[in-house]
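Peer 1: Below: sequence and its predicted model.
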Amino acid sequence: MSLRFSVLASGSTGNAFYIESGEEKILVDAGLSGKKIENLLHQVHVDPKDLSRILVTHEHSDHIKGLGIMARRYKLPIHANEKTWEAMEGQIGKVPLDQKFHFPRESVQTFGGIDVESFAVSHDAADPMFFTFHQDGKKAALVTDLGYVSERIKKTVEKADAYIFEANHDVHMLRMGRYPWSVKRRILGDVGHVSNEDSALALTDIIDDNTKRIYLAHLSLDNNMIDLANMSVSNILKERGFEVGSRLEVHDTFPEKPTSMYDV
């Protein structure tokens, strides 16, 4: 059994990530309508009826918009930490008690042979956390929605085979853009989002020869562009001696279409 995943949707308008191994099929976040999530899953040849569970990173609407619908429609267990459950309780509708499970941050839970490690991030949510996925020596790391990449996070996610890593904004575009200063300050701050440059600099500290792919995620529609993010991150990695384009591939993600399924 191999670890396979697709970034179903990524960006400020909605986020969903799918990862599987054998019969275990995990949806992480459901930040689009139930209908859109179903369509995205079908595009990567996954039947929503086959999903095993949903993991939740935090309660912002671009991560839980379709959570209640998907859970009720397919009778899926939802796993989130205690503070996230409290914060999203009024946003997702009624969920039966036997579908509610706690997944504390800084812990490991095993689902169908996939060891899932949760870790806290700095973001303006109740208790945001993201995940690394381990199986048979392979590791994939999902790392978005963080104001900065701490040394603790770097240690947790280092040496992964594949990264889904935030490159939210270009600092110049954000500073010159239409957002009010209060929003700009929030995005640029320690509980906001990571810029293209900061993403690349963090990646240079954590990737190694095992790393084959980096997916740039959670790009802002207003303050970034896909080509700009890819170029900015790739150039910094190349300057630091990484063989981008040969041993290491930098891939894009999209707000409304999934990436191809990748075997880690």
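Peer 2: Good, I have the coordinates.

Peer 1: Surely K154 forms part of a helix?
Peer 2: Yes. Per DSSP: H, G, I helix; E, B strand; the rest coil, K154 lies within a helix segment.

Peer 1: mind listing what the closest residue in space to it that isn't next to it in sequence touches?
Peer 2: Once flanking residues are discounted, K154 sits nearest to I206: 5.1 Å by C-beta to C-beta, 6 or more residues apart in numbering. Backbone N, C-alpha and C define where each C-beta goes, glycine included. Residues near I206 by C-beta atoms under 8 Å, 6 or more residues apart in numbering: K154, V157, E158, K159, A160, Y163.

Peer 1: can we see that at 10 Å?
Peer 2: Going by C-beta atoms under 10 Å, 6 or more residues apart in numbering, I206 touches 141, 143, 149, 153-160, 163, 165.

Peer 1: What subset of the residues you listed is buried?
Peer 2: When the contacts of I206 are checked for burial by 16 or more other C-beta atoms under 10 Å, the buried set is A141, V143, V149, I153, T156, V157, E158, A160, Y163, F165.

Peer 1: Is the residue lying closest to the second one once chain neighbours are set aside in a helix, a strand, or coil?
Peer 2: Closest residue in space to V143, ignoring its immediate chain neighbours: F165 at 5.1 Å, by C-beta to C-beta, 6+ apart. Judged by three-state DSSP, the three-state class of F165 is strand.

Peer 1: Wait, F165 touches I214, no?
Peer 2: Yes. Using C-beta atoms under 10 Å, F165 is in contact with I214, at 5.9 Å.

Peer 1: Give the intersection of the neighbour lists for those two.
Peer 2: A141, S199, A200, L203, I207, V233, V250.

Peer 1: and I164, how far is that from G34?
Peer 2: Going from I164 to G34 by C-beta to C-beta, to the nearest Å gives 22 Å.
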